[in-house]
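>>> Give me a model of this one.
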Amino acid sequence: MSTTKARADSLSLLLFTLRSGKLMAINLLKVSEIIPCPPLTKLPESHPHVKGIATLRGASLSVIDLSRAIGERPLEDPNGG
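Down below sits the predicted model:
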């Protein structure tokens, strides 16, 4: 009988593509879930990459514009905000 062991140095990645077509990846262990963006509360004087704060099941989440953070065109808000 043969068994397969996971290598201690293996890494699972979540791959996604930005609007520009750039392929990106994040360590899957850092992802708890993927959800549609809830309504955001804007923070005065926050960093330009910070879109705002969302509340999910009572927890506050920072929402970052990854496109802008890596030097690409800022994300457009479909709600006009």
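>>> Low-confidence regions, the chain specifically.
The model of the chain has pLDDT under 70 over residues 1-7, 75, 77-81.
>>> residue ranges of the helices in it, please?
66-69 (DSSP state H).
>>> ok, now which ones touch L29?
The contact partners of L29, by Cβ atoms under 8 Å, 6 or more residues apart in numbering, come to S12. Any C-beta I mention is one placed from the backbone N, CA and C, and that applies to glycine too.
>>> hmm, try it at 10 Å
11-14 (Cβ atoms under 10 Å, 6 or more residues apart in numbering).
>>> Next, work out how far apart it and S12 are.
Relative to S12, L29 is positioned 7 Å away (Cβ to Cβ, to the nearest Å).
>>> ok, L61 touching P39?
No - using Cβ atoms under 10 Å, L61 makes no contact with P39, being 11.8 Å away.
>>> Quick check on those two: which one has the bigger neighbour count.
Of the pair L61 and P39, L61 is the one with more neighbours under other Cβ atoms under 10 Å, namely 15 against 9.
>>> what sits opposite that one in the beta ladder?
Judged by DSSP bridges, the bridge partners of L61 are A54.
>>> Can you give me every residue that contacts it?
35, 37-38, 40, 52-55.
>>> D9 and L43: what is the separation?
39 Å.
>>> more neighbours, these two?
L43 (12 against 5).
>>> At which residues are the strands of the protein located?
13-17, 23-27, 50-56, 59-64 (DSSP state E).
>>> now these in TSV, with distance to E72?
Output for the strands of the chain, formatted as TSV (distance: least, Cβ to Cβ, whole Å):
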stretch	distance to E72
strand 13-17	12
strand 23-27	11
strand 50-56	14
strand 59-64	13
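>>> okay, these, which one's buried deepest?
strand 50-56 (a mean of 16; mean count of other Cβ atoms under 10 Å).
>>> And it, what does it pack against?
Applying 3 or more Cβ pairs under 10 Å, 6 or more residues apart in numbering; DSSP states H and E, we find strand 50-56 packed against strand 59-64, helix 66-69.
>>> right, so of the ones you listed, which gets closest to R19?
Closest approach to R19 among the helices and strands packed on strand 50-56 (Cβ to Cβ): helix 66-69, 6.6 Å.
>>> Select, out of the strands of the chain, the one closest to E76.
strand 50-56 (11.0 Å).
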